[in-house]
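> Turn this into a model:
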Amino acid sequence: MSGAAGPPLADPVAEARRLIALAGAHGITMRALGGVAVILQSPGGQPRLSRRVKDIDLAVGQGAGRPAARLLARSGYLADEMFNALRGSSRLHFRDPANGRDLDVFVGQFSMCHAIPLTARLDRDPLTVPLEELLLTKLQIVELTANDQQDIYNLLLAHEVGEQEAAITAGFIAALCARDWGLWRTCTLTIERSRANLERSPLSADERRLVAVRLDALRDRIDAEPKAVRWRARSRLGDLVRWYDEPEEER
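Sure thing, here's the model as predicted:
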């Protein structure tokens, strides 16, 4: 099943696995993002805070959009021709008519409220983008949803924050934030909001304490990172000028 061609599977996690394997067989590095990736990065594929995953988000490196689109077309997906013609260099959209599901492919970077580069480190994990980029796709959201909040908690429950192997490398996130005041502003606001919302979460007291410790460790590392000249220049404007992009309603 893992590398087999054929119609899309009903289970979005199994389908993401199938597409990643199929892409690999065709020389395309493809990895999962979003809720599917959070499930794949959870122990036993069981996040502590479960939620329904409706759609599939995938990523490929810069320049791999066209071969990925051809592969998806052969795998039962219908392309959004207008969207892909306008945005295909950075993002592709497809529809799975059999399961009533959307599929997006981010090309080279994840870009919503902020741009998170993906190409250089895309092959570090066999199934998902690296943990750092996966967490950043949630931290960079200005208007955090309940699902996004749960994804942050799930990732921090399942993975330590630090510099050691298999941890979420705080230094990598801190370095990106130190170059981009806007990304820093949104990420630190999201960390603060996530910490403040912990008491209202369904987590146990011990779990809330663990997440709080890891949020604090991440924030401390971000604060300690020396900031670039461009960061310091932009910081003078602060919140007087909007520091993030407003994602359009794509469909």
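> which stretch of helix or strand covers residue 103?
Assigned by DSSP states H and E, residue 103 belongs to strand 101-107.
> packing partners for that strand?
Applying 3 or more CB pairs under 8 Å, 6 or more residues apart in numbering; DSSP states H and E, we find strand 101-107 packed against strand 56-60, helix 65-73, strand 91-96. Glycine gets a C-beta too; all of them are placed from N, C-alpha and C.
> So which residues of the stretch 1-150 of the chain form helices?
Taking DSSP state H, counting those that start in this stretch, the helices of the stretch 1-150 of the chain run over residues 12-25, 34-40, 65-73, 81-87, 131-139, 146-158.
> list the buried ones in the fourth one?
It refers to helix 81-87. By neighbour count, and taking 16 or more other CB atoms under 10 Å as the criterion, the buried residues in helix 81-87 are 83, 84, 87.
> Measure how buried the residue lying closest to residue 160 once chain neighbours are set aside is and give me the count.
If you skip the residues right next to it in sequence, residue 160 has residue 167 as its closest partner in space, 4.2 Å away by CB to CB, 6 or more residues apart in numbering. By other CB atoms under 10 Å, the residues close to residue 167 number 15.
> who touches residue 167 in this structure?
131, 159, 160, 161 (CB atoms under 8 Å, 6 or more residues apart in numbering).
> Residue 127 now?
With CB under 8 Å, 6+ apart as the criterion, the residues that contact residue 127 are 16, 17, 20, 31, 32, 37, 40.
> could I get those as JSON lines with neighbour count and pLDDT?
Conversion of the contacts of residue 127 to JSON lines gives the following (neighbours: other CB atoms under 10 Å; pLDDT from 0 to 100):
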{"residue": "16", "neighbour count": "27", "pLDDT": "98"}
{"residue": "17", "neighbour count": "20", "pLDDT": "98"}
{"residue": "20", "neighbour count": "22", "pLDDT": "98"}
{"residue": "31", "neighbour count": "28", "pLDDT": "98"}
{"residue": "32", "neighbour count": "26", "pLDDT": "98"}
{"residue": "37", "neighbour count": "28", "pLDDT": "98"}
{"residue": "40", "neighbour count": "20", "pLDDT": "97"}
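> Of those residues, which is the nearest to residue 108?
Within the contacts of residue 127, distances to residue 108 taken as CB to CB reach their minimum at residue 31, with 12.5 Å.
> List the beta-bridge partners for the closest one.
Taking DSSP bridges, one obtains residue 59 as the residues bridged to residue 31.
> That one and residue 121: what is the separation?
For residue 31, the distance to residue 121 (CB to CB, to the nearest Å) stands at 10 Å.
> Let's see the pLDDT reported for residue 150.
The per-residue pLDDT reported for residue 150 equals 97.
> Am I right that it is in contact with residue 42?
No: between residue 150 and residue 42 no contact is recorded; they are 11.3 Å apart, counting by CB atoms under 8 Å.
> And the two? Which one has more around it.
Comparing residue 150 with residue 42 by other CB under 10 Å, the one with more neighbours is residue 150, at 21 against 18.
> Residue 66: how many residues sit nearby?
In terms of burial, residue 66 registers 14 neighbours under the definition other CB under 10 Å.
> residues touching residue 76, list them.
Each residue near residue 76 by CB under 8 Å, 6+ apart is listed here: 6, 7, 8, 96, 98.
> try it again with 10 Å
The neighbourhood of residue 76, defined by CB atoms under 10 Å, 6 or more residues apart in numbering, consists of 5, 6, 7, 8, 9, 15, 94, 96, 97, 98, 99.
> And residue 33, by the same measure?
Contact partners of residue 33, counting by CB under 10 Å, 6+ apart, are 16, 56-59, 104-106, 110, 116, 118, 128-129, 133-134, 137.
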